[in-house]
Structure formats: C-alpha cells, structure tokens
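Colleague: from the sequence below, what's the structure:
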Amino acid sequence: MPQMKTNAGRMGARQIYEALRDQIMSLVYGADGLLPSSRALANEMGVARSTVTIAYEQLAAEGFIETRHGARPRVARAVVERGRLRATSRPSTRKVRLSSFGERLRQDSPRWTEPPRGLIANFRYGELSPSDFPVLAWKKAVTAAMTRKPERLAYDDPCGSLRLRTALQGYLWRSRSIRCDVDQIVVVNGSQQGLDICARLLLDAGDRFVMEDPGYQMARHTFAATGAAAVPVAVDADGLQAERLDGIAARLAYVTPSHQYPLGGVLPIGRRHHLLAWARNNDAYVIEDDYDSEYRYDTKPIPPLHALEGSDHVIYLGTVSKTLSPTLRIGYLVVPQGLRSLFAAAKQIMDRHTPLIEQEALATMLESGAYDSHVRRARRRNAERQTTLISALHRRFGDRVRIEGAAAGLHLVAWFDGLPQKREDALIKAASARGIGIYPVSALFVSPSLRGSRSASSWAMRRWRPRKSNAAASFSRRRSPNWTDNFSQNWQFMTGQIPAISIARTETCHVYPPGFQGRRYREHSRDHPRCPPCEPRHGHQ
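Modeller: Below you'll find the predicted structure:
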C-alpha cells in the first residue's frame, strides 16, 4: 500500500484527500489502478473510516476516482491522461492579445521588489518604524468603529465617509491652511489610486504631462500607461524650475512642492505662482502631491499650492501612508468643484468606495485629537533620527558627503563627491554585504540621457547646481537613533578605487531591544564605548 508522506497522526479528511490526489497525478496507482478500501486505509492511517470516506467522496466528485458499491475505488484514466498531457505539453507560444493600455504596461511596467531581509539598517524609502505606529489609539478607534451599529449594511458614498471627510476638512484647514468644502474631498485607497483616477480623467493617448526630473516613478508609470508622454523638467535645490515651463503645452503637471521627491527641495513662493500661472494659461491641472508635509523640522509647513490664488487648477493629494502606515491604504483628494462628480463616478467604477471600518477609525482619531498628537510625536522622533543620521554621515565621511533635503520629510539625499556613477552599483553591493541597505536616485530620472553614462550623469548633476557630485544615495529615516549611529560606526570611507571602500564592523554594540534609544542609548554609549555585541551583563540581549 502506498505510504502517505505527511504526519498520519494528525491527518484529517482534507489532508488525506490532498495526499491521494497528488499520488494519483504522480501515477503512484498507475493509469487505472485500484486504491485501498476505505476500511483498510483507515486502519493504516489510524483514523476513523468516515474520515477516509469523506476524502474518497471528494476525489470522486472531482473526477479523480471511480467508485462502485462493494468495490475498491479505481483511478479515473481520463484524469490521468489529461494530467500527463499538461505535464508534457510545451508552453504556449501564442501571444496574448492585450488592450493598448495592457501593451503599454507590458513595455513599461513598474517592478515590485521584495524588501531585503536580515539587514542591520535598511534605508529603503517608504518604510516606517513599527514602533511609531499608535497601536493603542488605532485599536481603540477600530473597536469603536466596529461596535457602532450601522443603520444598514450596504455600499456607501464613493467619495468616502461623510464623517471622515468632515474631519479631514477641519484637519486640512488647521494644518495646511486649505479651505475647501466637504464635497470636494474624495477618499481613495492611498495616493496611488488618486493618481490613477487623475490619469484616467485628465489624460488621453498622445497628451503630454510634466514630471519633475528626477521624480516619483510610480506617478510617471501611472500617467504614461494612458499613452501620454512625459515632459521632464529639471529640478534644482529649490525644486521644479518653473521658468522652464514657458512654451510647454501639457494637460497636467505633477509636482511635490513641499518636499521634492527625491532631492528634498522646497518650492519658493515665486516659482509656485509661476507654476499656477502656467496652469491657467494652458488650461492644465497641477497635481500637488503633499505626501509628507507633516514632517517639517526647521519652520512651520509652507502653505500648499491649493491655498494660493484659488484652486480651480490644483488637485491636492494627501495620504496617511507617511504618518500612520502605508498598509492602511487611505489617501484623499481635494478636487475643484467642477470635477467632483466625475471623480466620484470614477471611484465608484473602480471599487465602489474605500473600506468603511478604516475610514471611521481614522475619523475617530482626527476628531479626538489622537491623530494630531501622534503626528507631533512622530515628527519629534524623526527629527531626532535625522539629526543622528546627519551627524553620523558627517563624522564618518566628512566633506566627501553632501546632505540635501533635510529640512522636511522622511528621507534625505547624500551626495558622494568624487564617486563616479559607474561605481554606484559597487557601493550599493558593498553596503548590502555589510548589512546596510542604501538606494540610488539615478533610477528616478525621467530622461535616460540623464542617468546613462558618466558624462551624462555629471552633466545632469551640474544642471541642478555647479560642481554637483556624480552619485547619490537616498536614506529613509525609518530606524531609531541607535540604528543610524551604528550605521556610522560600521562605515569607513576611503578615497580611491571602489575596492578601497571599507564597510567594516567594529566592536560597538549593534543590536538593541525595542525602545532602547534616546537617553538610555546615550548613557549606554558613554558607559560602554567598545563593548562586544549583545553581552548579557549590559542588559540588552
């Protein structure tokens, strides 16, 4: 009798069915062989006969076996033959016919890469520290939302919960000086869906859209999937060079004026007015992605474009992905009054509406003040992490590194002067081999000529500022201060060839328990400047 390869002592009907099915398809019983009787198999497996009977009934229902009263089950020859044909058949060479949208995605599609595991510090953008998430406040808000008995279980307003939109209206006014009606707010599944709706409603094949260069890749992919063409406009230390828009005809412009992604510049007021004037003159829309405006460290947040000169040509895009978590998939749009009904219809066609439980929970946090308290706490923590990271970089690299984009946001850019772009990959691999994840900005250019050869890259850097460096890496502040300081202790930069770049691990502590930061970290560093990693006597196993 063929043996089951799983633990028979804990097998149920489902496990027996799956094991027999796999054995049948593997020709363990031959093309039309007999299976054990239900009584014999039950005795062999040490289970009740009824358990085996259920498994046999499922196999018969799916056509794997043929049963007759009083006889042992027999393998169905037709099923085995079909399985043999599938196993031996070659992959189809037929080209799948797709729509124009599908073909464009096939040719230029975004790629999701799984975050690397086992790193000491991973500076991948978009990842937040789990310790920052307000677990208790969110749990309380979700529980309140779930215990609140709804009047009906039915589809809701595609624009989102009225309660949440009302709370967002007040939040936007007190935090970003945005005056808008509740009807202008559309709740979406993260900023990405907001961009998708904008692309579907505002762009056609052959249209043009303005992108910051370098800029946010997912926005470019979303707009380009409609068949529209990107018009890259260079970015300098102050963000988009708005004067370069003169003479450009486009349907929309995507900008990140409060903290340009990735270089971190803040768009001056003069350029903001120039951008809005361009939009009016070209009957175009400006999509203002205010993705991390809550994190402003030097001054108060600058008023957004939406608060200037009216808002008929501005679509404001906000999200909680950088304040709470990107896993919640909650964002919102503030659209001109004339587009409100169209955005509502597009949202309804796409997915009816954003899940209501999460909407109600966020509304509860906004109404109670818990969200504002969390943002202030997260801003303070990230300011400390930023200070530690910048100090570590300057302490270890000195004047060989130039830091930009530190005035706001959850990332900064470190320019390594004198490092040729062709050695960028070697630097990233060397860092990864030592447990450090760093990420280049070269992949975020729209124009291939700006990220290609060394000379083209050097020219692109000079376009932003004279004598700009040749390579850069983006660091996201997702770790606590001990991680960033450990990053400095484990990096030694030496001039010369890439093999001379040493990322050497020293004898400083490199593993700390949750919450081991701030005062406790500084005291530990003072008392144990060169302690071996994780010694139990120091109380941080």
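
Colleague: tell me the spacing between residue 18 and residue 78.
Modeller: 21 Å (CB to CB, to the nearest Å). Quick note: C-beta positions are derived from backbone N, CA and C, even for glycine.

Colleague: the two: which is more packed in?
Modeller: Counting neighbours by other CB atoms under 10 Å for residue 18 and for residue 78 shows that residue 18 has the greater number, 15 against 12.

Colleague: any idea how far the helix or strand harbouring the more buried one is from the chain center?
Modeller: Following DSSP states H and E, one finds residue 18 within helix 13-25. On the basis of CA atoms, centre = their mean, to the nearest Å, helix 13-25 sits 39 Å off its chain's mean C-alpha point.

Colleague: buried stuff in it?
Modeller: Across helix 13-25, burial judged by 16 or more other CB atoms under 10 Å covers 13, 15-17, 19-21, 23-25.

Colleague: residue 148: which of the residues you listed is nearest?
Modeller: Using CB to CB, residue 13 comes nearest to residue 148 of the buried residues of helix 13-25, at 40.4 Å.

Colleague: can you tell me the closest non-neighbouring residue to that closest one?
Modeller: Closest residue to residue 13 apart from its sequence neighbours, by CB to CB, 6 or more residues apart in numbering: residue 54 at 4.0 Å.

Colleague: just residue 244 next, same as before
Modeller: Leaving aside its sequence neighbours, residue 244 sits nearest to residue 233 (CB to CB, 6+ apart; 5.1 Å).

Colleague: in its sheet, what does the helix or strand harbouring the one you found sit against?
Modeller: Using DSSP H and E, residue 233 maps to strand 229-236. Strand 229-236 has its sheet partners listed here by DSSP bridges as strand 208-213 (parallel), strand 239-240 (antiparallel).

Colleague: now those strands as CSV including mean neighbour count and mean pLDDT?
Modeller: Converted to CSV, the strands paired with strand 229-236 look like this (neighbours: other CB atoms under 10 Å; pLDDT from 0 to 100):
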stretch, mean neighbour count, mean pLDDT
strand 208-213, 25, 97
strand 239-240, 26, 95
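
Colleague: which one of those lies closest to residue 254?
Modeller: For the strands paired with strand 229-236, the distance to residue 254 is smallest for strand 208-213, at 5.8 Å, taking CB to CB.

Colleague: ok, longest helix in this protein?
Modeller: helix 370-397 (DSSP state H).

Colleague: which elements pack onto it?
Modeller: Applying 3 or more CB pairs under 8 Å, 6 or more residues apart in numbering; DSSP states H and E, we find helix 370-397 packed against helix 135-147, helix 162-176, helix 356-368, strand 401-404, strand 411-416, helix 481-489.

Colleague: show me which residues of it are buried.
Modeller: Buried residues in helix 370-397 (16+ other CB under 10 Å): 370-371, 374-375, 378-379, 381-382, 384-386, 388-390, 392-394, 396-397.

Colleague: so the residue nearest the centre of the chain, which of the three states?
Modeller: Centroid-nearest residue in the chain, with CA atoms, centre = their mean: residue 126, separated by 5.5 Å. Judged by DSSP: H, G, I helix; E, B strand; the rest coil, the three-state class of residue 126 is coil.

Colleague: once you drop chain neighbours, what's closest to it?
Modeller: Using CB to CB, 6+ apart and skipping residues adjacent in sequence, the residue nearest residue 126 is residue 326, 6.2 Å away.

Colleague: any idea how far residue 366 is from the one you found?
Modeller: 19 Å.

Colleague: tally up the residues packed near the nearest residue to residue 49 once chain neighbours are set aside, please.
Modeller: Excluding the flanking residues, the one nearest residue 49 by CB to CB, 6+ apart is residue 42, at 4.2 Å. Here the number of neighbours of residue 42 (other CB under 10 Å) works out to 19.

Colleague: help me confirm that residue 42 comes into contact with residue 56.
Modeller: No: applying CB atoms under 8 Å as the test, residue 42 and residue 56 come out as separate, 10.5 Å apart.

Colleague: where does pLDDT dip in the stretch 301-450 of the chain?
Modeller: 301, 448-450 (pLDDT under 70).

Colleague: so the residue nearest to residue 244 touches residue 246, yeah?
Modeller: No: at 10.7 Å, residue 233 does not count as touching residue 246 under the criterion of CB under 8 Å.

Colleague: out of the two, which sits in the busier spot?
Modeller: residue 233 (21 against 10).

Colleague: and that one, how close does it get to residue 444?
Modeller: 14 Å.

Colleague: and residue 216, by the same measure?
Modeller: 7 Å.

Colleague: so what sits against both of the two?
Modeller: Listed contacts common to residue 216 and residue 444 are residue 261; contacts here mean CB atoms under 8 Å, 6 or more residues apart in numbering.

Colleague: now for the residue nearest to residue 13, how many residues are close by?
Modeller: Neighbour number of residue 54 under other CB under 10 Å is 17.

Colleague: and the contacts of stretch 304-315?
Modeller: The contact list for stretch 304-315, computed with CB under 8 Å, 6+ apart, reads 176-180, 198, 255, 257-258, 272-273, 275-276, 279-280, 284-288, 290, 293, 316, 333-336, 338-339.

Colleague: now with 7 Å?
Modeller: 176-178, 198, 257-258, 272-273, 276, 279-280, 284-288, 290, 316, 333-336 (CB atoms under 7 Å, 6 or more residues apart in numbering).

Colleague: output it in PDB with nothing but the alpha carbons.
Modeller: Provided in PDB are the C-alpha atoms of stretch 304-315 (Å, rounded to 0.1, in the frame of the first residue of the first chain):
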ATOM      1  CA  PRO A 304       0.400  74.400  -0.300                       C
ATOM      2  CA  LEU A 305      -0.400  75.500  -3.900                       C
ATOM      3  CA  HIS A 306      -4.000  74.800  -3.200                       C
ATOM      4  CA  ALA A 307      -4.100  77.700  -0.700                       C
ATOM      5  CA  LEU A 308      -2.700  80.200  -3.300                       C
ATOM      6  CA  GLU A 309      -4.600  82.100  -6.000                       C
ATOM      7  CA  GLY A 310      -7.700  80.000  -5.800                       C
ATOM      8  CA  SER A 311      -7.700  76.300  -6.500                       C
ATOM      9  CA  ASP A 312      -9.500  75.800  -9.900                       C
ATOM     10  CA  HIS A 313      -6.400  74.300 -11.500                       C
ATOM     11  CA  VAL A 314      -5.000  72.400  -8.500                       C
ATOM     12  CA  ILE A 315      -5.800  68.900  -7.400                       C
END
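
Colleague: and it, how far from the chain's centre?
Modeller: 27 Å.

Colleague: you'd agree residue 197 is up against residue 347?
Modeller: Yes: in terms of CB atoms under 7 Å, residue 197 counts as a neighbour of residue 347; the distance is 6.5 Å.

Colleague: overlap in contacts, the two.
Modeller: residue 188.

Colleague: confirm residue 152 sits in a helix?
Modeller: No: with three-state DSSP as the criterion, residue 152 is assigned coil and is not in a helix.
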